[in-house]
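Asker: Got a predicted model here, sequence first, then my questions.
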Amino acid sequence: MNHSKIKNLVGTGLCIALGLVFPQLFHAIGAGTVFLPMHIPVILCGLCFGWEFGLVCGIITPLFSSILTGMPPLFPTCVAMMFELGAYGALAGLLYRKLNLNLYLALIVAMLGGRVVSGVASAIFYGIAGKAYGFQLFLTGAFVSALPGIILQIIVLPLLVLALEKARVIEKPIMLELQTEGIEG
């Protein structure tokens, strides 16, 4: 196994661990649901290590948290969160590391995409559980109540990624350059 893959696996493990610890710390001060503490390490994992690692981190973290702490409740909340956080991690890594989008744009698109996945998954799983879930609940949970967490993510995550890149803890994404050889205009 090469050095880069080992670094990605270790970094993903660290992000999973942070995804288990952060919610406990935030819930201890009554700020768990508004600051979205599990989202931060999952999105960070995708931005730093790529879509595959972000996807795995996003699926495993809420499941481990549910099993170890009872939060979130396994069904329907945890199952819906596994889809949501998996989407956050995968989209962040895909957009920033693979498609070379600007860091801020990749983050915002990943956050929006994850919320769409969350709405669909929640509608399905809450429906199966016989619990009410509609567009009003989706908007309130995904955007209104989550606004402090959204702001925190938009401020903190780019700063962390840029600091890790500058310190050479992680590599900057390789930018695609357009080849214009042989094109005369």
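Answerer: Ah, there it is. Numbers count the residues shown, from 1 in each chain.

Asker: Report the contact partners of Arg115.
Answerer: Applying CB atoms under 8 Å, 6 or more residues apart in numbering, one finds that Arg115 lies in contact with 84, 142-143. All C-beta spots, glycine's among them, are computed from the backbone N, C-alpha and C.

Asker: Adding pLDDT, write those out as TSV.
Answerer: Converted to TSV, those look like this (pLDDT from 0 to 100):
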residue	pLDDT
Glu84	98
Ala142	90
Phe143	92
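
Asker: Quick check: which element contains the residue nearest the centre of the chain?
Answerer: Among the residues of the chain, the one closest to the centroid is Ile43, at 2.8 Å (CA atoms, centre = their mean). Assigned by DSSP states H and E, Ile43 belongs to helix 39-49.

Asker: Pull out the buried positions in that helix.
Answerer: 39-49 (16 or more other CB atoms under 10 Å).

Asker: now what about the helix or strand of the chain with the lowest mean pLDDT, what contacts it?
Answerer: Lowest mean confidence among the helices and strands of the chain (mean pLDDT, DSSP states H and E): helix 32-35, at a mean of 85. Applying CB under 8 Å, 6+ apart, the contact partners of helix 32-35 are 23, 26, 145-149, 152.

Asker: Between which two of those residues is the distance greatest?
Answerer: Using CB to CB, the two most remote members of the contacts of helix 32-35 are Pro23 and Leu147, lying 18.1 Å apart.

Asker: who has more neighbours, these two?
Answerer: Pro23 (25 against 10; other CB atoms under 10 Å).

Asker: Contacts only, for the closest residue to the more buried one other than its chain neighbours.
Answerer: Among residues not flanking Pro23 along the chain, Pro37 sits closest, at 4.7 Å (CB to CB, 6 or more residues apart in numbering). For Pro37, the contacting residues are 19, 22-23, 25-26, 149, by CB under 8 Å, 6+ apart.

Asker: Then Leu68?
Answerer: Contacts of Leu68 by CB under 8 Å, 6+ apart are Leu20.

Asker: Which helix or which strand is home to it?
Answerer: helix 51-69.

Asker: Can you select the buried ones among the contacts of Arg115 for me in ChimeraX?
Answerer: Buried residues within those, by 16+ other CB under 10 Å, are selected in ChimeraX with:
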select :84,142
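
Asker: is it possible to export the contacts of Arg115 to TSV including secondary structure and distance to Gly113?
Answerer: Below are the contacts of Arg115 laid out as TSV (DSSP: H, G, I helix; E, B strand; the rest coil; distance: CB to CB, whole Å):
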residue	secondary structure	distance to Gly113
Glu84	helix	10
Ala142	helix	12
Phe143	helix	14
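
Asker: mind putting the contacts of Arg115 in a markdown table, distance to Asn102 included?
Answerer: Formatted as a markdown table, the contacts of Arg115 follow (distance: CB to CB, whole Å):
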| residue | distance to Asn102 |
| --- | --- |
| Glu84 | 23 |
| Ala142 | 23 |
| Phe143 | 22 |
